[in-house]
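> Structural data only, the sequence is not supplied:
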(Lines give C-alpha, C1' and ligand atoms only; values in the text may rest on other atoms or scores of the structure.)
Protein backbone atom coordinates (compact mmCIF):
# COMPACT_ATOMS: atom_id res chain seq x y z
CA UNK A 1 0.00 0.00 0.00
CA UNK A 2 1.45 3.35 -1.03
CA UNK A 3 1.83 6.10 1.54
CA UNK A 4 3.01 9.71 1.29
CA UNK A 5 4.47 11.57 4.25
CA UNK A 6 4.57 15.30 4.96
CA UNK A 7 7.79 16.11 6.74
CA UNK A 8 7.96 18.69 9.53
CA UNK A 9 10.82 20.36 7.75
CA UNK A 10 9.74 20.09 4.11
CA UNK A 11 7.07 18.82 1.77
CA UNK A 12 9.15 16.26 -0.08
CA UNK A 13 8.43 12.65 0.84
CA UNK A 14 11.44 11.04 2.53
CA UNK A 15 12.69 7.67 1.26
CA UNK A 16 11.53 4.91 3.57
CA UNK A 17 14.56 2.67 3.25
CA UNK A 18 16.20 4.15 6.37
CA UNK A 19 14.63 5.29 9.66
CA UNK A 20 14.35 9.04 10.22
CA UNK A 21 15.50 10.46 13.54
CA UNK A 22 13.75 13.49 15.00
CA UNK A 23 14.90 16.62 13.21
CA UNK A 24 17.06 14.58 10.87
CA UNK A 25 17.78 15.71 7.31
CA UNK A 26 19.72 13.78 4.71
CA UNK A 27 21.78 15.14 1.86
CA UNK A 28 21.70 13.69 -1.62
CA UNK A 29 24.18 10.82 -1.50
CA UNK A 30 27.56 11.31 -3.11
CA UNK A 31 28.42 8.81 -5.76
CA UNK A 32 30.58 8.82 -8.85
CA UNK A 33 29.71 9.83 -11.49
CA UNK A 34 26.10 10.72 -10.63
CA UNK A 35 24.53 12.26 -7.56
CA UNK A 36 21.28 11.44 -5.79
CA UNK A 37 18.09 13.44 -5.41
CA UNK A 38 18.27 17.21 -5.56
CA UNK A 39 18.59 19.31 -2.42
CA UNK A 40 15.27 19.95 -0.69
CA UNK A 41 16.30 23.42 0.49
CA UNK A 42 17.97 26.10 -1.55
CA UNK A 43 18.39 28.92 0.95
CA UNK A 44 21.95 30.28 1.22
CA UNK A 45 24.03 29.62 4.32
CA UNK A 46 24.06 32.34 6.98
CA UNK A 47 26.52 35.16 6.50
CA UNK A 48 29.83 34.51 8.26
CA UNK A 49 30.27 35.98 11.70
CA UNK A 50 33.47 37.27 13.30
CA UNK A 51 34.02 33.97 15.10
CA UNK A 52 33.87 30.97 12.74
CA UNK A 53 30.93 28.72 13.67
CA UNK A 54 31.73 25.40 15.27
CA UNK A 55 29.68 22.23 15.16
CA UNK A 56 30.70 19.21 17.17
CA UNK A 57 28.99 15.84 17.04
CA UNK A 58 28.93 14.10 20.46
CA UNK A 59 30.68 11.10 18.88
CA UNK A 60 33.01 13.06 16.62
CA UNK A 61 36.04 11.16 15.35
CA UNK A 62 37.08 13.39 12.42
CA UNK A 63 37.09 17.12 11.69
CA UNK A 64 37.16 19.39 8.67
CA UNK A 65 36.67 23.07 7.79
CA UNK A 66 33.80 23.61 5.36
CA UNK A 67 32.73 27.00 4.06
CA UNK A 68 34.50 28.67 6.98
CA UNK A 69 32.88 26.46 9.64
CA UNK A 70 34.82 24.08 11.89
CA UNK A 71 32.93 20.78 11.81
CA UNK A 72 33.81 17.81 14.00
CA UNK A 73 31.73 14.95 12.63
CA UNK A 74 31.02 11.29 13.28
CA UNK A 75 32.36 8.98 10.58
CA UNK A 76 30.98 5.50 10.37
CA UNK A 77 31.92 2.88 7.81
CA UNK A 78 29.86 -0.03 6.61
CA UNK A 79 28.73 -2.19 3.73
CA UNK A 80 27.54 0.54 1.39
CA UNK A 81 28.50 1.80 -2.04
CA UNK A 82 28.12 5.57 -1.64
CA UNK A 83 29.09 8.32 0.78
CA UNK A 84 26.07 9.78 2.56
CA UNK A 85 25.50 12.65 4.98
CA UNK A 86 22.97 13.03 7.78
CA UNK A 87 22.38 16.24 9.76
CA UNK A 88 20.34 16.28 12.95
CA UNK A 89 20.42 18.14 16.26
CA UNK A 90 23.54 16.16 17.22
CA UNK A 91 25.54 17.35 14.25
CA UNK A 92 26.92 15.78 11.08
CA UNK A 93 27.21 12.04 10.51
CA UNK A 94 29.07 10.73 7.47
CA UNK A 95 28.41 7.16 6.30
CA UNK A 96 31.04 5.75 3.96
CA UNK A 97 32.08 2.42 2.44
CA UNK A 98 34.78 0.58 4.33
CA UNK A 99 37.24 1.05 1.48
CA UNK A 100 36.78 4.82 0.98
CA UNK A 101 40.03 6.73 1.39
CA UNK A 102 40.07 9.81 3.68
CA UNK A 103 40.80 12.02 0.68
CA UNK A 104 37.69 10.72 -1.11
CA UNK A 105 35.54 11.44 1.95
CA UNK A 106 36.98 14.96 2.24
CA UNK A 107 36.25 15.59 -1.45
CA UNK A 108 32.65 14.45 -1.03
CA UNK A 109 32.23 16.73 1.99
CA UNK A 110 33.62 19.74 0.13
CA UNK A 111 31.34 19.07 -2.82
CA UNK A 112 28.31 19.30 -0.50
CA UNK A 113 29.77 21.87 1.94
CA UNK A 114 27.14 24.54 1.24
CA UNK A 115 24.31 22.07 1.91
CA UNK A 116 26.02 20.71 5.05
CA UNK A 117 26.70 24.10 6.65
CA UNK A 118 23.19 25.32 5.81
CA UNK A 119 21.61 22.25 7.41
CA UNK A 120 23.82 22.44 10.49
CA UNK A 121 22.79 26.06 11.03
CA UNK A 122 19.13 25.18 10.48
CA UNK A 123 19.35 22.29 12.95
CA UNK A 124 20.97 24.55 15.55
CA UNK A 125 18.35 27.24 15.09
CA UNK A 126 15.55 24.70 15.28
CA UNK A 127 17.00 23.29 18.51
CA UNK A 128 17.19 26.80 19.99
CA UNK A 129 13.56 27.46 19.03
CA UNK A 130 12.47 24.21 20.64
CA UNK A 131 14.30 25.07 23.83
CA UNK A 132 12.64 28.48 23.89
CA UNK A 133 9.26 26.79 23.41
CA UNK A 134 9.74 24.31 26.24
CA UNK A 135 6.65 24.26 28.41
CA UNK A 136 7.05 24.41 32.19
CA UNK A 137 4.06 22.46 33.47
CA UNK A 138 2.65 24.55 36.28
CA UNK A 139 -0.23 26.91 37.08
CA UNK A 140 -0.21 29.80 34.62
CA UNK A 141 1.74 27.98 31.90
CA UNK A 142 0.93 29.01 28.35
CA UNK A 143 0.14 26.48 25.61
CA UNK A 144 -0.59 27.44 21.97
CA UNK A 145 -4.02 26.48 20.64
CA UNK A 146 -5.04 27.36 17.06
CA UNK A 147 -2.32 30.00 17.01
CA UNK A 148 -3.33 31.67 20.28
CA UNK A 149 -1.85 31.29 23.77
CA UNK A 150 -4.01 29.47 26.29
CA UNK A 151 -3.29 29.93 30.00
CA UNK A 152 -3.61 26.85 32.20
CA UNK A 153 -5.57 27.25 35.41
CA UNK A 154 -5.90 24.57 38.08
CA UNK A 155 -9.30 24.31 39.75
CA UNK A 156 -10.17 21.15 41.67
CA UNK A 157 -13.84 22.23 41.66
CA UNK A 158 -13.94 22.15 37.85
CA UNK A 159 -16.04 19.13 36.88
CA UNK A 160 -17.66 20.35 33.69
CA UNK A 161 -16.66 19.27 30.23
CA UNK A 162 -14.95 16.05 29.08
CA UNK A 163 -12.15 15.17 31.46
CA UNK A 164 -12.92 18.17 33.64
CA UNK A 165 -11.39 20.66 31.21
CA UNK A 166 -13.19 23.77 29.94
CA UNK A 167 -11.90 26.56 27.71
CA UNK A 168 -13.09 30.02 28.73
CA UNK A 169 -12.54 33.40 27.11
CA UNK A 170 -12.33 36.90 28.54
CA UNK A 171 -11.49 40.29 27.07
CA UNK A 172 -9.20 42.15 29.50
CA UNK A 173 -8.38 44.57 26.67
CA UNK A 174 -10.67 45.63 23.82
CA UNK A 175 -10.26 43.20 20.91
CA UNK A 176 -7.68 41.08 22.77
CA UNK A 177 -9.18 37.77 23.88
CA UNK A 178 -7.61 35.88 26.77
CA UNK A 179 -8.14 32.13 26.63
CA UNK A 180 -7.96 30.06 29.81
CA UNK A 181 -8.12 26.28 30.05
CA UNK A 182 -9.60 25.37 33.41
CA UNK A 183 -8.45 21.92 34.46
CA UNK A 184 -10.11 19.89 37.19
CA UNK A 185 -6.87 19.34 39.07
CA UNK A 186 -5.73 20.43 42.53
CA UNK A 187 -2.84 22.87 42.92
CA UNK A 188 -0.82 19.94 44.26
CA UNK A 189 -1.03 18.16 40.89
CA UNK A 190 2.31 17.03 39.49
CA UNK A 191 3.73 18.42 36.23
CA UNK A 192 3.04 15.02 34.64
CA UNK A 193 -0.64 15.18 35.63
CA UNK A 194 -0.93 18.70 34.25
CA UNK A 195 0.75 17.72 31.00
CA UNK A 196 -1.39 14.61 30.54
CA UNK A 197 -4.66 16.47 31.24
CA UNK A 198 -3.72 19.26 28.82
CA UNK A 199 -2.62 16.86 26.11
CA UNK A 200 -5.84 14.85 26.44
CA UNK A 201 -7.88 18.02 25.94
CA UNK A 202 -5.78 19.16 22.99
CA UNK A 203 -6.05 15.77 21.30
CA UNK A 204 -9.84 15.84 21.65
CA UNK A 205 -9.86 19.28 20.04
CA UNK A 206 -7.49 18.06 17.32
CA UNK A 207 -9.79 15.20 16.34
CA UNK A 208 -12.80 17.52 16.32
CA UNK A 209 -11.11 20.25 14.25
CA UNK A 210 -9.34 17.89 11.84
CA UNK A 211 -12.51 15.89 11.16
CA UNK A 212 -14.43 19.08 10.39
CA UNK A 213 -11.73 20.34 8.01
CA UNK A 214 -11.44 16.98 6.22
CA UNK A 215 -15.22 16.95 5.74
CA UNK A 216 -15.06 20.55 4.46
CA UNK A 217 -12.31 20.08 1.88
CA UNK A 218 -12.86 16.50 0.66
CA UNK A 219 -15.89 17.39 -1.52
CA UNK A 220 -14.00 20.34 -3.01
CA UNK A 221 -11.22 17.98 -4.06
CA UNK A 222 -13.64 15.27 -5.18
CA UNK A 223 -12.22 12.62 -2.84
CA UNK A 224 -13.48 10.55 0.08
CA UNK A 225 -11.36 9.94 3.14
CA UNK A 226 -12.02 6.78 5.16
CA UNK A 227 -10.52 7.23 8.60
CA UNK A 228 -8.47 9.69 10.63
CA UNK A 229 -5.60 8.75 12.87
CA UNK A 230 -3.75 11.09 15.21
CA UNK A 231 0.01 10.87 15.13
CA UNK A 232 2.67 11.89 17.64
CA UNK A 233 5.49 11.62 15.11
CA UNK A 234 8.49 13.79 15.77
CA UNK A 235 9.23 14.50 12.09
CA UNK A 236 5.91 14.28 10.25
CA UNK A 237 2.95 16.63 10.06
CA UNK A 238 0.82 14.12 8.22
CA UNK A 239 0.51 11.20 5.83
CA UNK A 240 -2.01 9.72 3.43
CA UNK A 241 -2.52 6.17 2.21
CA UNK A 242 -4.07 5.00 -1.03
CA UNK A 243 -6.90 3.33 0.90
CA UNK A 244 -8.15 6.73 2.09
CA UNK A 245 -6.58 6.67 5.56
CA UNK A 246 -5.31 10.06 6.76
CA UNK A 247 -2.92 10.55 9.67
CA UNK A 248 -2.34 14.02 11.10
CA UNK A 249 0.04 15.06 13.83
CA UNK A 250 -2.13 16.15 16.77
CA UNK A 251 0.34 18.98 17.48
CA UNK A 252 -1.01 20.77 14.40
CA UNK A 253 -3.72 21.98 16.80
CA UNK A 254 -1.11 24.43 18.13
CA UNK A 255 -1.00 26.23 14.75
CA UNK A 256 -3.29 28.72 13.04
CA UNK A 257 -6.29 27.31 11.20
CA UNK A 258 -5.06 28.40 7.72
CA UNK A 259 -1.91 26.32 8.27
CA UNK A 260 -3.94 23.33 9.47
CA UNK A 261 -6.08 23.67 6.35
CA UNK A 262 -2.97 23.51 4.17
CA UNK A 263 -1.87 20.20 5.73
CA UNK A 264 -5.41 18.79 5.43
CA UNK A 265 -5.66 19.75 1.75
CA UNK A 266 -2.12 18.46 1.12
CA UNK A 267 -3.01 15.02 2.46
CA UNK A 268 -6.39 14.88 0.72
CA UNK A 269 -4.71 15.78 -2.58
CA UNK A 270 -2.60 12.65 -2.21
CA UNK A 271 -5.78 10.61 -2.65
CA UNK A 272 -5.59 11.85 -6.26
CA UNK A 273 -1.82 11.78 -6.70
CA UNK A 274 0.51 9.74 -4.48
CA UNK A 275 3.44 11.97 -5.41
CA UNK A 276 4.48 15.61 -5.42
CA UNK A 277 4.35 16.11 -9.16
CA UNK A 278 2.73 19.04 -11.06
CA UNK A 279 -0.74 17.48 -11.05
CA UNK A 280 -0.59 17.07 -7.28
CA UNK A 281 0.11 20.78 -6.77
CA UNK A 282 -2.62 21.66 -9.25
CA UNK A 283 -5.13 19.90 -6.98
CA UNK A 284 -3.80 21.80 -3.96
CA UNK A 285 -3.84 25.16 -5.74
CA UNK A 286 -7.38 24.65 -7.02
CA UNK A 287 -8.60 24.65 -3.42
CA UNK A 288 -6.00 26.89 -1.79
CA UNK A 289 -4.65 29.45 -4.29
CA UNK A 290 -2.38 30.86 -1.56
CA UNK A 291 -1.04 27.44 -0.54
CA UNK A 292 2.59 28.58 -1.02
CA UNK A 293 2.23 31.22 1.70
CA UNK A 294 0.67 28.68 4.06
CA UNK A 295 3.39 26.15 3.27
CA UNK A 296 6.09 28.71 4.04
CA UNK A 297 4.44 29.49 7.36
CA UNK A 298 4.33 25.77 8.17
CA UNK A 299 8.01 25.39 7.35
CA UNK A 300 8.83 28.07 9.91
CA UNK A 301 6.90 26.29 12.65
CA UNK A 302 8.24 23.98 15.33
CA UNK A 303 6.05 21.70 17.40
CA UNK A 304 5.87 22.76 21.05
CA UNK A 305 8.48 21.09 23.19
CA UNK A 306 6.58 18.61 25.33
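Yep, that arrived. Since the model is a prediction, treat every value here as computed from it, not as a measurement. Residues are numbered from 1 along each chain as shown.
> contacts and neighbour counts: CA atoms only from here.
OK.
> Correct me if wrong, but residue 289 is in a helix.
No: under DSSP: H, G, I helix; E, B strand; the rest coil, residue 289 falls outside any helix and is assigned coil.
> Counting neighbours, what do you get for it?
By other CA atoms under 10 Å, the residues close to residue 289 number 12.
> Please report the confidence value the model assigns to it.
Looking at residue 289, its pLDDT stands at 97.
> How about the one 10 residues further on?
In the prediction, the pLDDT value recorded for residue 299 is 85.
> Then residue 47?
If you check residue 47, the pLDDT there is 51.
> Any stretches of the stretch 101-250 of the chain with poor pLDDT?
132-133, 160-163, 171-177 (pLDDT under 70).
> in it, which spans are strands?
142-145, 148-154, 165-173, 176-183, 227-231, 236-241, 245-249 (DSSP state E, counting those that start in this stretch).
> Tell me where this protein has helices.
For the chain, the helices defined by DSSP state H cover 102-111, 113-132, 191-221, 257-269, 278-287, 291-299.
> Let me have the ones you listed in JSON lines, extended by mean neighbour count and distance to residue 79.
Shown next, in JSON lines, are these (neighbours: other CA atoms under 10 Å; distance: least, CA to CA, whole Å):
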{"stretch": "helix 102-111", "mean neighbour count": "15", "distance to residue 79": "15"}
{"stretch": "helix 113-132", "mean neighbour count": "18", "distance to residue 79": "23"}
{"stretch": "helix 191-221", "mean neighbour count": "16", "distance to residue 79": "43"}
{"stretch": "helix 257-269", "mean neighbour count": "24", "distance to residue 79": "36"}
{"stretch": "helix 278-287", "mean neighbour count": "16", "distance to residue 79": "37"}
{"stretch": "helix 291-299", "mean neighbour count": "16", "distance to residue 79": "35"}
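> Reformat those helices as CSV; add distance to residue 232.
Shown next, in CSV, are these (distance: least, CA to CA, whole Å):
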stretch, distance to residue 232
helix 102-111, 34
helix 113-132, 16
helix 191-221, 10
helix 257-269, 15
helix 278-287, 25
helix 291-299, 17
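> returning to what we had before: with distance to residue 266 and mean neighbour count as extra columns, can I get the strands of the stretch 101-250 of the chain in CSV?
Formatted as CSV, the strands of the stretch 101-250 of the chain follow (distance: least, CA to CA, whole Å; neighbours: other CA atoms under 10 Å):
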stretch, distance to residue 266, mean neighbour count
strand 142-145, 21, 20
strand 148-154, 23, 19
strand 165-173, 29, 13
strand 176-183, 30, 18
strand 227-231, 14, 15
strand 236-241, 9, 24
strand 245-249, 11, 23
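> Give me the neighbour count for residue 51.
8.
> how close does it get to residue 70?
10 Å (CA to CA, to the nearest Å).
> again, but for residue 81
The spacing between residue 81 and residue 70, counted by CA to CA, is 27 Å.
> With residue 248 instead?
Taking CA to CA, one finds residue 248 at 39 Å from residue 70.
> same question, residue 263
Going from residue 263 to residue 70 by CA to CA gives 37 Å.
> before we move on, what about residue 228?
Distance, residue 228 to residue 70, by CA to CA: 46 Å.
> which residues sit against stretch 89-97?
Outside stretch 89-97, the residues within contact range by CA atoms under 8 Å, 6 or more residues apart in numbering are 23-24, 55-58, 71-87, 105, 116, 120, 123-124, 127.
> Could you list which of those belong to strands?
Judged by DSSP state E, those include 55-56, 71-78, 84-87 as members of strands.
> most surrounded residue in those?
That'd be residue 87 among the ones in strands among the contacts of stretch 89-97, by other CA under 10 Å, with 26 neighbours.
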